Each structure stands twice: as structure tokens, then as C-alpha cells.
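Engineer: Can you look at this prediction? I've put the sequence above it.
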Amino acid sequence: MRGNQTQGIHGEWSNALVFVLAAVGSAVGLGNIWKFPYMAGENGGGAFVLVYLLCIAVIGLPILVAEITLGRRARCSPIHAFRNLAAQSGASPGWRYIGWLGVFTGFVILSFYSVVGGWAIAYTLRAGQGLFSGIAADEAGALFGGLLGSPPEMIAWHTLFMAAILVIVARGVHSGLERAVTFLMPALFVLLAMLVGYAMAIGDFDRAVTFLFRPDWSALNAEGVLQALGHAFFTLSLGIGCMLTYGAYLPARASILGTAVVIGITDTVVALFAGLAIFPVVFVAPGVEAGAGPGLLFQTLPYAFGQMPAGHLFGFLFFLLVTFAAVTSGISLVEPATAYLVERRGWGRWRACGLLCLGIWLLGLGTVFSFNRWADFTPLAFVGALADRNVFELLDGLTSGLLLPIGGFGIAIFAGWFAAREVLAEELRTGSWRFVVWRWAVRVVSPVAVALILLHGLGVI
Ligand code: PFF
């Protein structure tokens, strides 16, 4: 059977543009707006940015193409996709465990992603109430500390975030996911453009441009290079079958290579623009610096906005942007598992997604308590390198440092060495040099680079 002629049971995107919006929605998230700017800040700016761009182009894009291609061919959730494609290609049915791993990883990531997404909702409302206007730096710190110190409050925001994810995903590909991304993504682009415009008008834009684009190689060490590599992975939502699942809903006519390049470029541009919206504001606020670490977004920035004219309004718009970005990524984290349960059990989407969201919500409580009651609870105290990590740090480190790279490695190896060449060529509709370049990238370049991230995550290098 030619997989690319049939629609799967979940339906498909109305057109290629909707797919691009959904995939960009998955890619653009807390990784772009929260993690990327502070990582760039800590690693000397421009040099880190260059390495990151290289990683996106050389490692990320080939794996992105692989995921979309496998998904569109199989037209189903990652677990069944690997099982079916392995059977078609004469490979071991054991490949389905790569699908299982992805579904599990998405479950775990969403459990803490939702807690941070909840902070973004809380901050949107606080900014809207004008709570940041004119606050001092230590007050901004106390405000964030107050949120982190209150489990009931954090649980409420986490619940709200998960409820939004459930309502969108349960409605299905067409009426849920597609509707959400066609509204949220254009809104996100407009908000980002407004924020960059504001930063240009009010902040120290030149200094931010220099900071982000002039490489200071002395500030980048091997650790920074590996961080850039790992982040390229996280930011493109690779390694867990999200893009594979979204690819399963891609109409047969659409060009995979073309859409993958657009997704990669848009995700990168959004990360850079997020930097250009944040750093100019940060640079003019007295007494703060770029390398503020993870607190950059929820501590430094509210203070910085609080000092600016119209900072009240733009602070609100900024956190609205973060919320939208987190929601459109959150939905892609639970879609593969939802699709699997629908396929496997014949359940309706509400039942499948409801059950998953409940489980994710429960696991999320571990992250909530990691910032207060369980801050010093280290479940793996007996494992050397993990001894001092609390629940949140374990889940975050385990997924980004280990599970995502393992999944990505498996996907690259499967697409490069095991999936039938003709099947891939037919799906990509190109037998030209571009196909050959892509194939060697997933065969050799991406797996080697990913193996490096993995070994680094394991502390071997
Ligand atoms: N790409 C998202 C971000 O940058 O925030 C996070 C993410 C979403 C990672 C989906 C992995 C994933 F499968």
C-alpha cells in the first residue's frame, strides 16, 4: 500500500500552510523565548548564536525532514509508524520502541512545561493588573519567589494550562489543533513584531544587536557548544515524534523539504527576535545584566519593563506572547500519545486526551513541589551525578539530556539505514542531489552529533 495516498484516521491539515503554522507552533515555545535568550546571555551572545545556527542547519533540519517524511508515509502515531514502516522495510518490529520512547518523553516534558506555562499565564494577568509598574529589582524577585512558594497558586495555573491543552487537543486535528494555531500563531508573530518595535524605540537596541551578533569566541567553551547542540534539538521539537505526528496529517501534495526549511528558519528568526525584544529592555534597566540565567524572563524582565514608559502594556503583551508560544508547543507534546490511544483502543479523543492530561497533571505536581516543599528532596540521591537534583531538575535533565537525544538518534538511524530508500525518495519526491545530501546527513552527520550530546548528557565527555 502506498502510504502517502491515504489520509489517516485522524484527518489532515487543510493545507501546507496550516501544517507550517502548527509545526512552527510546536517549535516556537519556552525554548525560544525563555531558554534561548538566557543561554545566549550566559555563553557570550554572538558566538553561541553562530554555533546554534550551524547546529540547526546541519543536525536539526535533516532530522526534521526525517520525522515529517516518516510521519507522512505512515499516517499514524509514532508507535504505529515505526512498527509499520519497519515491517514495510523488512526491519525489526523493535523499532516501535523509539515511538514508545517519544510518547513517554512528551508526557514527561509536558508535565513540567505546563507548570512553567502556568507561570506565563500568571504573569500575563499580573502584568495586566499593572503589578510590575515601577517595582524595584528585589520586589520583582519577591513576586516570583511568592509564586514559587505557593503550591496552591502554582497548581491552579498548572491546571488552567492543562485544561487549555485538553480542550484544544480533544477537539481533533481540524477543529482543535488547526483552529488554535491559525489564531494563535499569527497573533504571536504580531505580538513579537510589536515587542521588537517597542524595544527598538525604547531600549538599547544597538547594544543588543552587538551582543547577539558579534561573536565573542572567548566567552564560548565546549560546554556552551554542547548546550547549543542540545538546544537546537529541543527548540525544533525533535526526537519525540511530535513532528512525525504532525507530518502524518500533512496533505500528500505538500513539499516536505520546502516546509521543513521554512519551519527551521521561522523558529530561528523567532528565537533571535525574542532576544531582540528582551535584551534592549534589559540593557537600559539599571543594575541588571544579560547573563541573568533562568530568572531572566520572570524576574529581570518584569523589573525592566516596570521601569519603562508603557512598560505595563508591553509587559502584558510580552507574557501573552509567552503563553501563546507555550500553549502551541504543549498541544504538540500530547498529540502523539492521544493519536496512539485513539488508534490502539478506538477511544474518542476526549477520553484518550483526558486520561493523558490527568496523568500529566499529576506528574506535574512533582514539579510544582520542587520549587517549595520538595525543593531539597533528591529522589536519586544514591546516583552519583544526579544526587543533588530535585524532581523538576531530574525530569528536565533526563528528557533534554538523555531521552530527546536518544529518540533523535534512533530516528536518524532508522531513516538513514533501515527505512527503504525508495519509500523515502518517493515521499520526498526527489531523487536529486538534495535527497542524497539529506540521506548522508541523517546517516552520518546527525547521529554523530547527537551521540556527542548524549555522551555529554551522560557526563562521559
Ligand atoms: N520546541 C519547544 C520549545 O522550544 O519550547 C519545546 C518542545 C516541544 C520540545 C515539543 C519537544 C517537543 F516535542
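Structural biologist: Cool, got the structure. Numbers count the residues shown, from 1 in each chain.
Engineer: what's the neighbour count on residue 287?
Structural biologist: Residue 287 has 8 neighbouring residues, counting by other CB atoms under 10 Å. In short, each C-beta sits where N, CA and C put it, glycine included.
Engineer: what do you get for residue 100?
Structural biologist: 15.
Engineer: for it, what are its contacts?
Structural biologist: Residue 100 is in contact with residue 79, counting by CB atoms under 8 Å, 6 or more residues apart in numbering.
Engineer: how close does it get to residue 406?
Structural biologist: Counting by CB to CB, to the nearest Å, the separation of residue 100 from residue 406 is 12 Å.
Engineer: any idea which helix or strand comes after the host helix or strand of residue 164?
Structural biologist: For residue 164, the host element (DSSP states H and E) is helix 151-170. Per DSSP H and E, the first helix or strand lying C-terminal to helix 151-170 is helix 172.
Engineer: wait, does the following helix or strand past that following helix contact the ligand?
Structural biologist: Scanning forward in sequence from helix 172 by DSSP H and E, the next helix or strand is helix 179-202. No - against the ligand, helix 179-202 shows no contacts by CB under 6 Å from any ligand atom, the least distance being 12.5 Å.
Engineer: Would you mind listing the buried residues in helix 179-202?
Structural biologist: In terms of neighbour count (16 or more other CB atoms under 10 Å), helix 179-202 has its buried residues at 180-182, 184-185, 188-189, 191-192, 194-196, 198-199, 202.
Engineer: Just the closest of the residues you listed to the ligand, please.
Structural biologist: Using CB to the nearest ligand atom, residue 188 is the member of those that lies nearest the ligand, at 12.5 Å.
Engineer: and the gap between the closest one and residue 45?
Structural biologist: Residue 188 is 24 Å from residue 45, where distance means CB to CB.
Engineer: For the closest residue to residue 90 other than its chain neighbours, give me its contacts.
Structural biologist: Nearest residue to residue 90 in three dimensions, chain neighbours excluded: residue 420, at 7.8 Å (CB to CB, 6 or more residues apart in numbering). Going by CB under 8 Å, 6+ apart, residue 420 touches 88, 89, 90.
Engineer: switch to 10 Å and redo it
Structural biologist: Residues near residue 420 by CB atoms under 10 Å, 6 or more residues apart in numbering: 73, 85, 88, 89, 90, 91, 426.
Engineer: try residue 461
Structural biologist: Applying CB under 10 Å, 6+ apart, we find residue 461 in contact with 222, 226, 451, 452, 453, 454, 455.
Engineer: Quick one, grab the pLDDT at the residue nearest to residue 90.
Structural biologist: For residue 420, the pLDDT comes out at 92.
Engineer: how close does it sit to residue 69?
Structural biologist: According to CB to CB, residue 420 and residue 69 sit 12 Å apart.
Engineer: Give me the common contacts of the two.
Structural biologist: With CB under 10 Å, 6+ apart, residue 420 and residue 69 have common neighbours 85, 426.
Engineer: Low-confidence bits of the chain, can you list those?
Structural biologist: 1-6, 289-294, 431, 457 (pLDDT under 70).
Engineer: Is there proximity between the helix ranked longest in it and the ligand?
Structural biologist: Using DSSP state H to define each element, the chain has its longest helix at helix 311-345. Yes - against the ligand, helix 311-345 shows contacts by CB under 6 Å from any ligand atom at 329, 332, 333.
Engineer: how about those in a markdown table, adding neighbour count and distance to residue 27?
Structural biologist: Formatted as a markdown table, the residues of helix 311-345 next to the ligand follow (neighbours: other CB atoms under 10 Å; distance: CB to CB, whole Å):
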| residue | neighbour count | distance to residue 27 |
| --- | --- | --- |
| 329 | 25 | 8 |
| 332 | 27 | 9 |
| 333 | 27 | 12 |
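Engineer: Compile these into TSV and extend it with columns for distance to residue 273.
Structural biologist: Formatted as TSV, these follow (distance: CB to CB, whole Å):
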residue	distance to residue 273
329	17
332	21
333	23
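Engineer: tell me which element the residue nearest to residue 74 when sequence neighbours are not counted is part of?
Structural biologist: By the measure of CB to CB, 6+ apart, the closest residue to residue 74 outside its immediate chain neighbours is residue 81, 3.5 Å from it. Applying DSSP H and E as the criterion places residue 81 in helix 78-89.
Engineer: Identify each buried residue in that helix, please.
Structural biologist: Residues of helix 78-89 classed as buried by neighbour count (16+ other CB under 10 Å): 78, 79, 80, 81, 82, 83, 84, 85, 86, 89.
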